[in-house]
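Q: quick one: sequence and predicted model below, then my questions.
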Amino acid sequence: MTLNQNDDFYIAEKAFKSRLIVEITGFDQTMLTNLLNASQSEIVTHTQIQSLDKPKSKDGLHCENVPNHITYIPNTHGCKTADEAVALARLIRKAGLSDWIKLEVSPYNTHYMSDGVETLKAADILVKEGFKVLPYIHADPVLAKRLQEVGCSTVMPLGSPIGSGKGLITKEFIEMIIEEANVPVIVDAGIGKPSHATEAMQIGADAVIVHTAIIYAENPILQAQAFKTAVQAGRASFLAKGDYSKYKENNPKIST
């Protein structure tokens, strides 16, 4: 198999070749196209906020700034309750932006840890209304299972707190989620450098979302390209079953 030719993954029956998703909120509009070209990403997510009776871009970027071949997924970052997230999602769809929603519900303005109870409540409502729901959650295998049962299109466990760049602190829990999942598992939050993305792909994640590690790089376009390569390398290693620890287990003469 040649990587990225016959290795599509699917969200809500839509095929994607790139497994790198870029959160574009706050990006410089003048470099956005070049950055997305460098990343080869086919999905972006972007924060919308509620303004009276309509959604409003948080940062001045709009879906029109995103090339047509890329799937634009609004997110509800900043919503504190299920009711707020559901109301915003309805406005987003009414405005014609998308019926795909990256669902984020957090009562906190600092670490933005997901409220699992409110997220599950909102997801259940939105799925029943025909939305394609992609929920951001703590790496909780039980919650991930519940979200799949109500019909979410993915689950998106965090690797470590948003913006921390600490990598896969929750690796063992993500592995549990992957083992039980029947929808794509996308690692969201905490990916601070390309090697973190590689590690996520090596353990079997379907994709990763990257934001802070790109936007705060001195050369965001070069960093986007680095993440593209890292994701591809991790996926190739996963497909190759390149786990050296298992080789050592089966070859006791190898020194540890």
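A: The structure has been received and is ready for your questions. Numbering: from 1, shown residues only.

Q: do you know the pLDDT at I101?
A: Listed pLDDT for I101 reads 97.

Q: which ones are touching the closest residue to it other than its chain neighbours?
A: Among residues not flanking I101 along the chain, A89 sits closest, at 4.7 Å (C-beta to C-beta, 6 or more residues apart in numbering). Any C-beta I mention is one placed from the backbone N, CA and C, and that applies to glycine too. By C-beta atoms under 8 Å, 6 or more residues apart in numbering, A89 lies in contact with T76, I101, L103, A122, L126, F131.

Q: and the last one, how close does it get to L103?
A: For F131, the distance to L103 under the criterion C-beta to C-beta, to the nearest Å works out to 9 Å.

Q: out of the contacts of A89, who's nearest Q148?
A: L103 (13.5 Å; C-beta to C-beta).

Q: bridged to the closest one, which residues?
A: The partner list for L103 in beta bridges (DSSP bridges) reads P135.

Q: between F131 and L103, tell me which one has more neighbours.
A: More crowded of F131 and L103, by other C-beta atoms under 10 Å: L103, with 30 against 25.

Q: how far away is that one from F173?
A: For L103 relative to F173 (C-beta to C-beta), the value is 19 Å.

Q: also D53?
A: From D53 to F173 the distance is 39 Å (C-beta to C-beta).

Q: for those two, indicate the residue with more neighbours.
A: Taking other C-beta under 10 Å, D53 and F173 do not tie; F173 has more neighbours (18 against 9).

Q: and the pLDDT for that one?
A: In this model, F173 carries a pLDDT of 96.

Q: can you tell me what sits against the helix or strand hosting it?
A: Using DSSP states H and E, F173 sits within helix 171-180. Applying C-beta under 8 Å, 6+ apart, the external contacts of helix 171-180 come out as 139-141, 144-145, 155, 157, 159, 168, 185, 187, 199-200, 203-205.

Q: the same query, at a cut-off of 10 Å, please.
A: 137-145, 148, 155-160, 168, 170, 184-185, 187, 199-200, 203-206 (C-beta atoms under 10 Å, 6 or more residues apart in numbering).

Q: in strands, which of these appear?
A: Using DSSP state E, I137, M156, P157, V187 are the members of those that sit in strands.

Q: got a list of what the second one touches?
A: If you count contacts by C-beta under 10 Å, 6+ apart, M156 has them with 21, 45, 102-104, 114, 134-137, 139, 144, 147, 177, 184-189, 205, 207-209.

Q: burial measure for A236, as a count.
A: A236: 18 neighbours (other C-beta under 10 Å).

Q: in a helix, it, correct?
A: Yes. Under DSSP: H, G, I helix; E, B strand; the rest coil, A236 falls within a helix.

Q: quick check: it vs D188, distance?
A: From A236 to D188 the distance is 22 Å (C-beta to C-beta).

Q: same check, this time on G163
A: 12 Å.

Q: need the overlap of contacts for these two.
A: H211.

Q: which one of the two has more residues nearby?
A: When G163 is set against D188 and neighbours are counted by other C-beta under 10 Å, the residue ahead is D188, at 32 against 16.
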